[in-house]
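A.B. asks: sequence first, predicted coordinates after that:
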Amino acid sequence: MSTIPSGSVRIPNLQAFQNSQRALVRSNSALFEVQNQIYTNRRIVRPSDDPISSSLASVLRDQLQASDQRVRNLSHASSILASLDQALGEATDLTLQAGSIAASQIGVGSDAETRAAEAHVIDSLADALFAAGNREFADLSFFAGERTGVTPFEDFFGGIRYVGSGDGLRTDLGSRLDTPITIGGEEAFGALSARVKGDVDLAPDPTRATRIVDLDGARGEGVTLGSIEVTIVNGPSVTITVDLTGVESVGDALDVIESAVNAASPGALAGPFPTSGLNTADDALAFSVAGAATLTFSDLAGSTTASDLGLTGHTYTNGAPNNVSGDVRARLSEHTALSDLDPAAGLTLPGGFTISNGGRVGSVSVVATDTLGDLARQIDALNLGVRLEVNDAGDGINLINEVSGFELSVSEDGGGSLLATGLGLRTFTNTTLVSDLNHGRGVEIADGAINPITGLPDATRNTDFRVHLQDGTSFDVDLTPADLTDVQGVLTAINTAAAGAGFGGVFTATLADGANGIRFEDTSGPVTQDTRVESLYGYAAEDLGLLDTTYTAGAPAVLAGSDRATVRVESVFSDVIDLRDALTGNDERGIVLAASRLEADEDRLIAARAVVGGRAQRVDDATARTEEQALLNETIRSGLEDLDITEAATRFSFLQLAQNAAYAVTAQTQGLSLLSFL
């Protein structure tokens, strides 16, 4: 007979049914979760499944996306650098070929006909170099620097003009990899190496109109605008804070300070508003203080505005209104008026000068109210392939020749203003170094010559050239290395030789106001011939431009030499063009000079190729590091988010078993009644 176990608890059938139902729901829910995980192959299907792991995985996914993009960037950069290296290799080979042809045409083994034939070969090499310089990949020009969307080299009235800029295009290759993926034409080909570097300090005096951004500041680090403290003692002492954020000019800053001082302590400043100004002797800000009042400036914590404006370290008092310790040092900019340039430069305005580049000539004319920007725009409008820029120090200006194969010359306009000289831009002056003449080759004189018969020093063979005067007389000039400092040294040596020969009163060597070149003035008489120069030994007469001359009869007669201080672009294009012209003209000395310069071009191209190779190696290393980091991140992310399929299958099987058991138990318990216990 059946009995009810003593440990059993009697519960209502409804409660038993509900308990079984909850157990089945939990079992079904767990099975659903496992099935969903197996289907998606993810351990975390919703962030709520594991908030901490989900958050970490989200960060890792962002890093992985960034890594994927960076790897694509690196792959693109690697392709560009590989193609760039190939283009540089081709340019190097072409330059080597040109140098080899030049070397083969030096000496007695060549004649005019052979050299003329080789000139055609050099012409084709120049075309190939031009094509290599304009090589591109995926619409990116290799040698345009940062301006990768332009064709960097273009034909310009027979020369080759470079229109790129910068040292190269940068892309996102990683926070620690700031590597350009293109290169500037100047670095590879020397495309912008010709500059007329201004030799005059034009540092302007600041004015009320001077922009704050054009100040170097008293600390030499520019001016960081913010708030300053002003302590005013005018009877009682009061300290105020003045906010200079957003002021644009020196005058604006002075007015804001003065307005705040007047509001806080009326009568502290002398005279009607405004009383602030500038001490031009010290290039410093100044305030006129009344009576026994004093002004003291200081910086707020973390600010340098007062120090940058030169206001600290000095107490402003009546009779001493100027901050003698704070030169704010204005820099040149396109907004600088010519009238504001340093008066010590000796500018005479209005004035003008003439620019010649490759035989193309243009003139500019300015007045005192014109700015450097106005002057630069006038020069651009001449379309000579020349542009004006402020130097890095901000105290002078340079002219840049952008055209290979052209020779740049800047001369006075002959009106007496000497503007080019005052701006430091004239290419042929008394202070021009002799070593800068003839494109840096200098002047080759006859010195230390030995008599081939006696083997002893021969003073006659050291004589460089003879000057023939218009009355039929002449004198010789023997230049020494000591004379070859600057152009004035050469002029002094020539005039000394003339005076020593008794022609000091009728002959003068000088530089004229106007066209560049050495100028001989001859008042000897009666006139029997043209004044001229005869080369004796060495190349001094040729290198000084005294053989290619213009003679003008008169009183005085004038023999004007050619300009030997022209500035050229020291590029492979210029040197190949020079070699072609020297071969065409059967000029052996020109061939030798071009060959020597081509060696420097080869070295520059090889160095540029080495730079590109180094960049490519850094890109490859960065790619490997990025891929390794991405693999590590993916491994960690997978451990956080992805499903362990073996564990999930085991759990799924266990849950199925548990569910079947629950069904069986539920079926059994639901079939029981009171009679089952009787």
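C.D. replies: Good, I have the coordinates.

A.B. asks: apart from its chain neighbours, what residue comes closest to residue 432?
C.D. replies: residue 487 (4.8 Å; C-beta to C-beta, 6 or more residues apart in numbering). C-beta: built from backbone N, CA, C; applies to glycine.

A.B. asks: so where's the stretch 301-450 of the chain uncertain?
C.D. replies: Flagging of the stretch 301-450 of the chain using pLDDT under 70 yields the residue ranges 319-325, 342-346.

A.B. asks: the bottom helix or strand of this protein by mean pLDDT?
C.D. replies: Within the chain, judged by mean pLDDT, DSSP states H and E, the helix or strand with the poorest mean is strand 277-279; its value is a mean of 63.

A.B. asks: after that strand, next one along is what?
C.D. replies: Going down the chain from strand 277-279, the next helix or strand is strand 284-286, by DSSP states H and E.

A.B. asks: what mean pLDDT does that following strand get?
C.D. replies: Per-residue pLDDT values over strand 284-286 give a mean of 81.

A.B. asks: buried residues in the following helix or strand past that strand?
C.D. replies: Next along the chain after strand 284-286, taking DSSP H and E as the criterion, comes strand 294-299. For strand 294-299, burial by neighbour count (16 or more other C-beta atoms under 10 Å) applies to 294, 295, 296, 297, 299.

A.B. asks: check which helices and strands strand 294-299 is in contact with.
C.D. replies: Using 3 or more C-beta pairs under 8 Å, 6 or more residues apart in numbering; DSSP states H and E, the elements in contact with strand 294-299 are strand 227-233, helix 305-308, strand 315-317.

A.B. asks: for that strand, the distance to its chain's centre please.
C.D. replies: The chain centre lies 39 Å from the centre of strand 294-299; the measure is C-alpha atoms, centre = their mean, to the nearest Å.

A.B. asks: C-alpha coordinates for the helix or strand residue 256 falls within, PDB please?
C.D. replies: Here residue 256 sits within helix 250-264, counting by DSSP H and E. C-alpha atoms of helix 250-264 as PDB (Å, rounded to 0.1, in the frame of the first residue of the first chain):
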ATOM      1  CA  VAL A 250      49.700  97.700 -31.400                       C
ATOM      2  CA  GLY A 251      47.400 100.700 -31.400                       C
ATOM      3  CA  ASP A 252      44.400  98.600 -30.300                       C
ATOM      4  CA  ALA A 253      46.400  97.200 -27.400                       C
ATOM      5  CA  LEU A 254      47.500 100.700 -26.300                       C
ATOM      6  CA  ASP A 255      44.000 102.000 -26.500                       C
ATOM      7  CA  VAL A 256      42.500  99.200 -24.500                       C
ATOM      8  CA  ILE A 257      45.100  99.600 -21.700                       C
ATOM      9  CA  GLU A 258      44.700 103.300 -21.600                       C
ATOM     10  CA  SER A 259      40.900 103.200 -21.500                       C
ATOM     11  CA  ALA A 260      41.100 100.700 -18.600                       C
ATOM     12  CA  VAL A 261      43.600 102.900 -16.700                       C
ATOM     13  CA  ASN A 262      41.500 106.000 -17.200                       C
ATOM     14  CA  ALA A 263      38.400 104.200 -16.000                       C
ATOM     15  CA  ALA A 264      40.100 102.900 -12.800                       C
END
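
A.B. asks: which helices and strands does it pack with?
C.D. replies: With 3+ C-beta pairs under 8 Å, 6+ apart as the test, helix 250-264 has strand 227-233, strand 237-243, strand 284-286 packed against it.

A.B. asks: just how off-centre is the last one within its chain?
C.D. replies: Going back to what we said before, that points to strand 284-286. For strand 284-286 - counting by C-alpha atoms, centre = their mean - the centre lies 33 Å from the chain centre.

A.B. asks: all helices for the stretch 551-678 of the chain, in order.
C.D. replies: For the stretch 551-678 of the chain, helices defined by DSSP state H, counting those that start in this stretch occupy the ranges 572-584, 588-641, 645-670.

A.B. asks: tell me which of these sits most buried.
C.D. replies: helix 572-584 (a mean of 25; mean count of other C-beta atoms under 10 Å).

A.B. asks: pLDDT score for the residue most central in space within the chain?
C.D. replies: Compute the mean C-alpha point of the chain, and by C-alpha atoms, centre = their mean the closest residue is residue 166, 5.3 Å away. Residue 166 is assigned 82 on the pLDDT scale.

A.B. asks: what separates it from residue 146, distance-wise?
C.D. replies: 3 Å (C-beta to C-beta, to the nearest Å).

A.B. asks: got it, and residue 60?
C.D. replies: 35 Å.

A.B. asks: so those two - more neighbours on which side?
C.D. replies: Counted by other C-beta atoms under 10 Å, residue 60 and residue 146 do not tie: residue 60 has more neighbours, with 20 against 15.

A.B. asks: quick one: residues in contact with stretch 456-464.
C.D. replies: With contacts defined as C-beta atoms under 8 Å, 6 or more residues apart in numbering, stretch 456-464 is touched by 445-451, 476-479, 535-538, 540-541.

A.B. asks: out of the helices and strands packed on helix 250-264, which comes closest to residue 106?
C.D. replies: With C-beta to C-beta as the measure, strand 284-286 is the member of those nearest residue 106 (62.3 Å).

A.B. asks: pop out the phi and psi values for residue 126.
C.D. replies: Phi and psi for residue 126, reported as degrees, to the nearest 10, are phi -60, psi -40.

A.B. asks: now it, nearest residue through space, not along the chain?
C.D. replies: residue 576 (4.7 Å).

A.B. asks: the one you found and residue 125 touch, don't they?
C.D. replies: Yes. Between residue 576 and residue 125 there is a contact under C-beta atoms under 8 Å: 6.4 Å.

A.B. asks: shared neighbours of these two, anything?
C.D. replies: residue 98.

A.B. asks: show me where this structure has its helices.
C.D. replies: Using DSSP state H, the helices assigned to the chain run over residues 13-40, 51-104, 112-133, 185-189, 250-264, 305-308, 372-381, 419-422, 437-440, 487-500, 540-543, 572-584, 588-641, 645-670.

A.B. asks: in a markdown table, list those helices along with distance to residue 155.
C.D. replies: Output for those, formatted as a markdown table (distance: least, C-beta to C-beta, whole Å):
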| stretch | distance to residue 155 |
| --- | --- |
| helix 13-40 | 63 |
| helix 51-104 | 18 |
| helix 112-133 | 8 |
| helix 185-189 | 15 |
| helix 250-264 | 46 |
| helix 305-308 | 48 |
| helix 372-381 | 19 |
| helix 419-422 | 29 |
| helix 437-440 | 22 |
| helix 487-500 | 35 |
| helix 540-543 | 31 |
| helix 572-584 | 11 |
| helix 588-641 | 20 |
| helix 645-670 | 68 |
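
A.B. asks: of the ones you listed, which is nearest residue 223?
C.D. replies: Once the helices of the chain are compared by C-beta to C-beta, helix 305-308 is nearest, at 4.2 Å.

A.B. asks: the closest one: how far from the chain's middle?
C.D. replies: Going by C-alpha atoms, centre = their mean, where helix 305-308 is centred and where its chain is centred differ by 28 Å.

A.B. asks: list the buried residues in it.
C.D. replies: Within helix 305-308, the residues that qualify as buried are 305, 306, 307, 308, counting by 16+ other C-beta under 10 Å.

A.B. asks: mind putting those residues in TSV, distance to residue 111 included?
C.D. replies: As requested, these are exported to TSV (distance: C-beta to C-beta, whole Å):
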residue	distance to residue 111
305	74
306	77
307	73
308	70
